[in-house]
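Chemist: Predicted model, plus sequence, below.
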Amino acid sequence: MKAIWNNTVVAESNDTVVVENNHYFPADSIHSEFFEDSIAHTTCPWKGRASYHSLRVNGELNKDAAWYYPDPKEAAAAIKGRVAFWKGVQIVP
């Protein structure tokens, strides 16, 4: 699977985990040069507290377009160390 934004592959892996129709990519499969830390956080009742990254590609910013659970609840253990995307990031085979 590939995560593509602004015509650029920002993550690529054959080992994604799908939860609630979102592909979670292993952290070591992201192209970190496109990722910036964010102060944003949200909470999911069964997954826990999510943290975010913004994407910067070709001078354009996609704020909080990637999220991950640094310490997911037990029910979501399969996504620990993984990153998912939204806000226009295309996920393609």
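Modeler: Structure's in. What do you need? Numbers count the residues shown, from 1 in each chain.
Chemist: How much space separates residue 14 from residue 31?
Modeler: Taking CB to CB, to the nearest Å as the measure, residue 14 falls 16 Å from residue 31. Every residue, glycine included, has its C-beta placed from N, CA and C.
Chemist: Between those two, which has more neighbouring residues?
Modeler: Ranked by neighbour count (other CB atoms under 10 Å), residue 14 and residue 31 place residue 31 first, with 14 against 8.
Chemist: Return the backbone torsion pair for the more buried one.
Modeler: phi -90, psi 90 (degrees, to the nearest 10).
Chemist: ok, now which ones touch it?
Modeler: Neighbouring residues of residue 31 by CB atoms under 8 Å, 6 or more residues apart in numbering: 9, 10, 11, 12.
Chemist: quick one: the last one from residue 92, how far?
Modeler: Residue 12 sits at a distance of 10 Å from residue 92 (criterion: CB to CB).
Chemist: Look up the residues forming beta bridges with residue 25.
Modeler: Counting by DSSP bridges, residue 25 is bridged to residue 83.
Chemist: how many neighbours does it have?
Modeler: 26.
Chemist: what's near enough to touch it?
Modeler: 1, 3, 11, 12, 13, 16, 82, 83, 84, 85.
Chemist: wait, which of these is closest to residue 65?
Modeler: Comparing the contacts of residue 25 against residue 65 with CB to CB places residue 85 closest, at 6.0 Å.
Chemist: Which parts of this protein are strands?
Modeler: 2-5, 8-12, 17-19, 22-26, 35-44, 48-57, 60-68, 82-85, 90-92 (DSSP state E).
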